[in-house]
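Chemist: Structure here, sequence nowhere to be found:
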């Protein structure tokens, strides 16, 4: 939808400020009650979902222009969807996240992208990754030495799709390699896309570059279809969201699973047995794109109507993405199946989790804001008394590796698969 199509939502937002806080019945302390990194960091209403509704309306009405401050407010949204989940606690007829993305797209369309975004998008066009400086010729180095099918040459049921971070980041490459080995050893008919492996481009959509995203998405979908795979498994939550929700809108009809879902099934089927004790107290961070943004896309066509000329509704009933059906239980079941691991929860979890700060391209375009956001989560994690923070997303993992809490303390950050490897 174009930005103009959201005008009714701009006008009907009631300024309740629900987009700024986790639901009141979920609040355990004032310290960890906020939900939107942007409004929390900038402390100015325009940086909230409500403020961006107002901003978009004034832009459409010609009452303001794309000034530097306006452009900053538009792009400094991590696209984490937290405002979307909390808005839908009290409202059913607003889509803050989709609107924010449309606002970004409008800015890009009008020529108001951030200077820092240019090398990212150039890299996507030239090297098929949104990590500037990385070469496509090095993309498969993470899989060196692993005897695995090339799905462009051999048939296989499962495609393992590592994503850019796990393909290029030296600290994170072992996660992808170990995950693939684990699937092979568990008997999965798995392969990789070889030289056809490319960026999912989900972050291009998060930053407002709709055309670039769609071009790359369609290229990937051609690869997926040509391979003939039945399932795509990825350890990256950004890739998971892109395939599960966004590619589905373009017609992708292949089962998509995050690595934690696949591992959970292997454990339930006793193909993976946790026999070694791992004595550790951990807390789990729900990645935004695996949790509240991990709900499957539901096709819908309908129209808006009013009941008694007052109540907005849709006919037929429209799907409501409020984050409740994201991937939350699978990673927690895995942790609970590991002998010796004790899980202690943070205050903001599941669909009300606090973002790591990397989303929407912010870790690359505004590292100071992104770092502050990550530090806030480390403060919350350390408040639990846990020895380590476990997550299942490379962007989250990288963000937290260098983060410190408000007292300057760090926390050990581990991917869930690292604990699984210790336990089997």
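Modeler: Okay, I see it. Just so it is clear, the structure is predicted and the values come from calculations on it, not from any experiment.

Chemist: Name the nearest residue to residue 23, sequence neighbours excluded.
Modeler: residue 89 (4.9 Å; CB to CB, 6 or more residues apart in numbering). (Glycine included, C-beta is placed from N, CA and C.)

Chemist: give the contact list for residue 293.
Modeler: 80-81, 241, 245, 323, 326 (CB atoms under 8 Å, 6 or more residues apart in numbering).

Chemist: one step back: could you tell me how many residues sit around the residue nearest to residue 23?
Modeler: 18 (other CB atoms under 10 Å).

Chemist: do residue 158 as well
Modeler: 20.

Chemist: residues contacting it?
Modeler: So residue 158 contacts 183, 188-191, 229-233 (CB under 8 Å, 6+ apart).

Chemist: Out of those residues, which sit inside helices?
Modeler: residue 183 (DSSP state H).

Chemist: out of the contacts of residue 293, who's nearest residue 362?
Modeler: Comparing the contacts of residue 293 against residue 362 with CB to CB places residue 80 closest, at 9.5 Å.

Chemist: that older thread, got a list of what the residue nearest to residue 23 touches?
Modeler: Residue 89 neighbours (CB under 8 Å, 6+ apart): 18, 23, 322.

Chemist: what would these look like in TSV with distance to residue 403 and neighbour count?
Modeler: Converted to TSV, the contacts of residue 89 look like this (distance: CB to CB, whole Å; neighbours: other CB atoms under 10 Å):
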residue	distance to residue 403	neighbour count
18	28	24
23	26	15
322	28	18
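
Chemist: I'd like to know how far the closest residue to residue 80 other than its chain neighbours sits from residue 286.
Modeler: The shortest distance from residue 80 to any non-neighbouring residue, by CB to CB, 6+ apart, is to residue 355 (3.7 Å). Distance, residue 355 to residue 286, using CB to CB, to the nearest Å: 10 Å.

Chemist: rewinding a little: can you classify the residue nearest to residue 23 by secondary structure?
Modeler: What DSSP: H, G, I helix; E, B strand; the rest coil gives for residue 89 is helix.

Chemist: Distance of it relative to residue 25?
Modeler: 9 Å.

Chemist: One more: residue 193?
Modeler: 45 Å.

Chemist: Please identify which of these two sits among more neighbours.
Modeler: In this view residue 193 and residue 25 are compared by other CB under 10 Å, and residue 193 has more residues nearby, 23 against 6.

Chemist: who touches the more buried one in this structure?
Modeler: With contacts defined as CB under 8 Å, 6+ apart, the neighbours of residue 193 are 150-152, 159, 161, 223, 227.

Chemist: Next, give phi and psi for the residue lying closest to residue 93 once chain neighbours are set aside.
Modeler: The shortest distance from residue 93 to any non-neighbouring residue, by CB to CB, 6+ apart, is to residue 312 (4.4 Å). Torsion angles at residue 312 (phi, psi; degrees, to the nearest 10) stand at phi -80, psi 130.

Chemist: Next one, pLDDT for residue 312 please.
Modeler: As predicted, residue 312 sits at a pLDDT of 81.

Chemist: what's across from it in the sheet?
Modeler: On the basis of DSSP bridges, residue 312 is bridged to residue 306.

Chemist: What's the separation between the most centrally placed residue in the chain and residue 358?
Modeler: Nearest residue to the geometric centre of the chain (CA atoms, centre = their mean): residue 289, 2.5 Å. Using CB to CB, residue 289 is found at 10 Å from residue 358.

Chemist: can you check residue 370 too?
Modeler: Distance from residue 370 to residue 358, counting by CB to CB: 6 Å.

Chemist: Give me the common contacts of these two.
Modeler: Looking at what touches both residue 370 and residue 358 (by CB under 8 Å, 6+ apart), the common residues are 78, 399.

Chemist: Helix, strand or coil: sort out residue 304 for me.
Modeler: Under three-state DSSP, residue 304 comes out as strand.

Chemist: Which of the helices or strands spans the nearest residue to residue 34 once chain neighbours are set aside?
Modeler: Nearest residue to residue 34 in three dimensions, chain neighbours excluded: residue 40, at 4.6 Å (CB to CB, 6+ apart). Secondary structure assigned from DSSP states H and E places residue 40 in helix 37-42.

Chemist: Quick one: distance of that helix to the chain centre.
Modeler: Centroid separation between helix 37-42 and its chain, computed with CA atoms, centre = their mean, to the nearest Å, is 18 Å.

Chemist: From the contact counts, what lies against that helix?
Modeler: Applying 3 or more CB pairs under 8 Å, 6 or more residues apart in numbering; DSSP states H and E, we find helix 37-42 packed against helix 367-382.

Chemist: Work out the gap between the next helix or strand after the helix it packs on and the centre of the chain.
Modeler: Following helix 367-382 in sequence order, the next helix or strand is strand 388-391 (DSSP H and E). Averaging C-alpha positions (CA atoms, centre = their mean) puts strand 388-391 17 Å from its chain's average.

Chemist: who does the helix or strand just after strand 388-391 touch, helix- and strand-wise?
Modeler: Using DSSP H and E, the helix or strand that follows strand 388-391 in sequence is helix 394-401. Here helix 394-401 touches helix 164-168, helix 237-241, helix 362-365, helix 367-382, strand 388-391, strand 412-415, going by 3+ CB pairs under 8 Å, 6+ apart.

Chemist: Please work out which of these is packed deepest.
Modeler: Of all these, helix 237-241 carries the top mean neighbour count, a mean of 30, counting by mean count of other CB atoms under 10 Å.

Chemist: Looks like residue 186 contacts residue 266 (just checking).
Modeler: Yes - between residue 186 and residue 266 there is a contact under CB atoms under 8 Å: 5.3 Å.

Chemist: residues shared between the contacts of these two?
Modeler: Joint contacts of residue 186 and residue 266 (CB under 8 Å, 6+ apart) are residue 272.

Chemist: Could you measure from residue 277 over to residue 9?
Modeler: 52 Å.

Chemist: between these two, who's got more neighbours?
Modeler: Between residue 277 and residue 9, counted using other CB under 10 Å, residue 9 has the larger neighbour count: 19 against 12.
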